[in-house]
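Student: This is a predicted model, with the sequence first.
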Amino acid sequence: MADKHTLDQVRNIGIIAHIDAGKTTTTERILFYAGVIHRMGTVDEGTAVMDWMAQEQERGITITSANTTCFWQDCKINIIDTPGHVDFTVEVERSLKVLDGAVVVLCATSGVQPQTETVWRQADRYSVPRILFINKMDRLGASFENVLVQAHDRLGAHAAAIQFPVGAEDDFTGIVDVIREKLITYEDKEGSKRIEQDVPEELKAKVVEYKHVLIEKVSEVDDQLMEKFLEEQEITTEDLVAAIRRTVIANTFIPVLCGTALRNKGVQMVLDAVCAYLPSPLDVPSVKGIEPKTEKEIVRQPKDSEPLAALAFKIAMDPYVGKLFFTRIYSGKIISGTPVYNSTQGVKEKISKIVVMHSNKQEIVPQAGAGEIVALVGLKETKSGDTLCNQDNQIVLESMNIPEPVVSMAVEPLTKADQDKMGMTLKKFLDEDPSFKAQYDKETGETIISGMGELHLEIIVDRMKREFGLETKVGRPQVAYKETITQKAMGITGKHITQSGGRGQYGHVIINVEPHEERGKGITFVDKIKGGAIPREYIKPVEQGIRNAALNGVLGGYPVDGIEVTLVDGSYHDVDSSELAFKLAAKHALCEALRKGKPVFLEPIMDIEVVVPEEFMGTVVGDLNTRRAKITEMGNRGVLKTARCEVPLAEMFNYASAIRSLSQGRATFSMEPAYYAEVPAFVAEKIQGRNTGK
């Protein structure tokens, strides 16, 4: 299957957008027109192929990025449909890391929303070339021009339309191809039969205007076209298509298309644009990595003849074959049944099967080469973000940016017999989802799970029940607070000395602890031991003791963040000193330093945007003010009002139902983690009261 298509005919693309912009429906139509499926499902009916998890079908949202392969014209397209909900932002992050191009879907009514800005920033971070598809042209309030202006103003996109719609809302009847100057209409409901005709007289002036803007925009970033434009030479369709391809690949220009996926109009033209403008693995820069022993940078070309470099970017559980490791092969090839080397973990792995995915169905292939996205079966130690390579040609590729979890809740199994089962089940989720954390609290005997939001944890609890038959009791969601210090604690001594007949224990350290200038930097350990006051073999145990102690702060037992610990002095005993003694001495010293450093709680602050009809704006803003919100920006979006603000997460639980009742169900909001800030005194008292049971 892979051999029929040369690398320049392969497209690895993602479909990214804000929640509800119509990504999954667009993917569904793409698969239908590409002949992969023979009946179109819909998200609303819960029959979309790409939303195959029960939770996705019920909630009408995408949770995991499904992967599928289809063929269009002479191209092979690997598609990853990504979630739009902020709680699953890590799914988008890891998909963008391995894609060569993306289709950004915008809703013609809502336009650019906060989560669109987030995925846009993620795509910028990985320099992913994109095309824009303005969907839902048949919806009430749809406006192609408005969304185009928003793309310029809010996303900073250097974009121009290569199509424009004929009519909007119920009058949306067709699409004009600006480049080829043709009008496209559809003769059947399914949109399979396209009718192409010359542009009617009344639309010709509009085509000229759009084409002029398009040529101008592309010329600004393409010298070849600029030359022809300035010298007033004729610009042919071929010249324009070639220039758009060059500028899209260089990530300097974004072509804009339109249509309605639900009404089956315009999707084939999105496929045409994917093949025409988005890059193949040969068009994107070669992958860079580090040689583990020398830490030198290495570049690997996208060729089968090069040594292997592949990134396992996602792990999913399959009920029939166990773990599937979704992998992007950047160079070299993987052959079924042969060993590979995991350079991140430093272990050998064996691949038992290579699978090309179609959503959650599979086709087994004997081998896969550079530029492919496949699922591997049989790996034991590999985790999300690990590099696979040849043992004699090692490389470590840059891993992914994983955000810190902000919400925690306690879960416990309903029966004692399920205790072990829960441990195994949680391990599967931990392997699968790097933004999910789980730990056992010895003091309370509870298992605490942490994630990116309420919905994230709800889905995990729901999946435990459905996929593993595990019933659980769930505590109220809790905020993942942190602790830090506000002043220096210098020359703090920690000793662990015991003598109980025979060999004793002796460890003695002196540390300075200072707050970091910027929060969220974790813990920095600096070793300033001179003259062998503490032997080298005990330095690592001292650091371990400090890091262990920092897992539980002195105020409320929350993790400590944003401190620098410097080991300045200490002493040892020739016979009685041990690693354990120094670990414990360091632990005592840090606890003492935290007490002296005026400790405070830190809480996660969320960046939230509410979109609300004008008559409810006062009520909604009044409610936000009672939630300790700091309003940063007010604006308009069409007839609606918007407010952007920073609010502590602790105040935002169950906000969805609150805003619904305040606005008669007409307001929407979206939020994402922004930063950690110091907790006000009255809230700190509440937190401490809760932890001491007062």
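Tutor: Nice, I can see it. Residues are numbered from 1 along each chain as shown.
Student: Lowest mean pLDDT among the helices and strands of this structure, which one is it?
Tutor: Scoring the helices and strands of the chain by mean pLDDT, DSSP states H and E places helix 54-59 at the bottom, with a mean of 39.
Student: any low-confidence regions in the stretch 201-350 of the chain?
Tutor: By pLDDT under 70, the weakly predicted segments of the stretch 201-350 of the chain are 317-321.
Student: Show me where it has its strands.
Tutor: For the stretch 201-350 of the chain, the strands defined by DSSP state E, counting those that start in this stretch occupy 254-258, 287-290, 297-300, 309-318, 322-331, 333-335, 339-342, 347-350.
Student: coming back round to it: immediately after the least confident helix or strand of the chain, which helix or strand?
Tutor: Toward the C-terminal end, the helix or strand that comes next after helix 54-59 (DSSP states H and E) is strand 66-72.
Student: and that next one, what does it pack onto?
Tutor: The contact analysis (3 or more Cβ pairs under 8 Å, 6 or more residues apart in numbering; DSSP states H and E) places strand 66-72 against helix 23-33, strand 75-81, helix 267-277, strand 353-358. No exception for glycine: its C-beta is placed from N, CA and C like everyone else's.
Student: and it, C-alpha only, in CSV?
Tutor: In CSV, the C-alpha atoms belonging to strand 66-72 read as follows (Å, rounded to 0.1, in the frame of the first residue of the first chain):
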residue,chain,number,x,y,z
ALA,A,66,-8.4,9.7,15.5
ASN,A,67,-6.2,8.7,12.7
THR,A,68,-7.2,7.6,9.2
THR,A,69,-5.8,7.2,5.7
CYS,A,70,-7.6,8.1,2.4
PHE,A,71,-6.7,8.7,-1.2
TRP,A,72,-7.7,11.7,-3.4
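Student: Redo the helices and strands packed on strand 66-72 as JSON lines? Include distance to residue 233 and mean neighbour count.
Tutor: Formatted as JSON lines, the helices and strands packed on strand 66-72 follow (distance: least, Cβ to Cβ, whole Å; neighbours: other Cβ atoms under 10 Å):
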{"stretch": "helix 23-33", "distance to residue 233": "37", "mean neighbour count": "25"}
{"stretch": "strand 75-81", "distance to residue 233": "31", "mean neighbour count": "25"}
{"stretch": "helix 267-277", "distance to residue 233": "23", "mean neighbour count": "20"}
{"stretch": "strand 353-358", "distance to residue 233": "46", "mean neighbour count": "21"}
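Student: looking at the ones you listed, which is closest to residue 487?
Tutor: strand 75-81 (48.3 Å; Cβ to Cβ).
Student: buried set for the host helix or strand of residue 496?
Tutor: Assessed by DSSP H and E, residue 496 sits inside strand 489-498. Residues of strand 489-498 classed as buried by neighbour count (16 or more other Cβ atoms under 10 Å): 489, 492, 494, 495, 496.
Student: May I have the strands that pair with that strand, each with its orientation?
Tutor: Using DSSP bridges, the strands paired with strand 489-498 are strand 505-515 (antiparallel).
Student: continuing past the strand it pairs with, what's the next helix or strand?
Tutor: Past strand 505-515, the next helix or strand by DSSP H and E is strand 523-527.
Student: now that following strand against strand 505-515, angle please.
Tutor: 120 degrees (axes from the mean of the first three to the mean of the last three Cα atoms, to 10 degrees).
Student: What are the buried residues along strand 523-527?
Tutor: Applying 16+ other Cβ under 10 Å to strand 523-527 flags 523, 525 as buried.
Student: what do you get for stretch 611-628?
Tutor: Buried, per 16+ other Cβ under 10 Å, within stretch 611-628: 611, 612, 616, 617, 620, 621, 623, 624, 628.
Student: Among those residues, name the ones in strands.
Tutor: Judged by DSSP state E, the buried residues of stretch 611-628 include 611, 612 as members of strands.
Student: and of the buried residues of stretch 611-628, the nearest to residue 569?
Tutor: So of the buried residues of stretch 611-628, ranked by how close each gets to residue 569 (Cβ to Cβ), first place is residue 628, at 43.6 Å.
Student: between the buried residues of strand 489-498, which is nearest residue 108?
Tutor: residue 489 (57.9 Å).
Student: any idea how far the closest one lies from residue 151?
Tutor: 51 Å (Cβ to Cβ, to the nearest Å).
Student: and what of residue 633?
Tutor: 19 Å.
Student: So for the two, which residue has more residues nearby?
Tutor: residue 151 (24 against 9; other Cβ atoms under 10 Å).
Student: Surely that one is in a helix?
Tutor: Yes - the assignment for residue 151 by DSSP: H, G, I helix; E, B strand; the rest coil puts it in a helix.
Student: Please name the nearest non-neighbouring residue to it.
Tutor: Excluding its sequence neighbours, the residue lying closest to residue 151 (Cβ to Cβ, 6 or more residues apart in numbering) is residue 157, at 4.6 Å.
Student: Name all residues that make contact with the one you found.
Tutor: 120, 132, 151, 254 (Cβ atoms under 8 Å, 6 or more residues apart in numbering).
Student: let's go with 10 Å and repeat that
Tutor: Counting by Cβ atoms under 10 Å, 6 or more residues apart in numbering, residue 157 touches 104, 112, 120, 130, 132, 148, 150, 151, 253, 254, 256.
Student: looking at this, residue 595 is in a helix?
Tutor: Yes - checked against three-state DSSP, residue 595 lies within a helix.
Student: neighbours of the spatially closest residue to it that is not a sequence neighbour, just the number please.
Tutor: Nearest residue to residue 595, sequence neighbours excluded (Cβ to Cβ, 6+ apart): residue 554, at 5.4 Å. Other residues within reach of residue 554, judged by other Cβ under 10 Å, total 19.
Student: Could you look up the SS state of residue 554?
Tutor: Under three-state DSSP, residue 554 falls in the coil class.
Student: Quickly find the element holding the residue nearest to residue 151.
Tutor: Counting by DSSP H and E, residue 157 is found in no helix or strand.
Student: What separation is there between it and residue 466?
Tutor: For residue 157 relative to residue 466 (Cβ to Cβ), the value is 40 Å.
Student: what do you get for residue 240?
Tutor: Relative to residue 466, and taking Cβ to Cβ, residue 240 is found at 51 Å.
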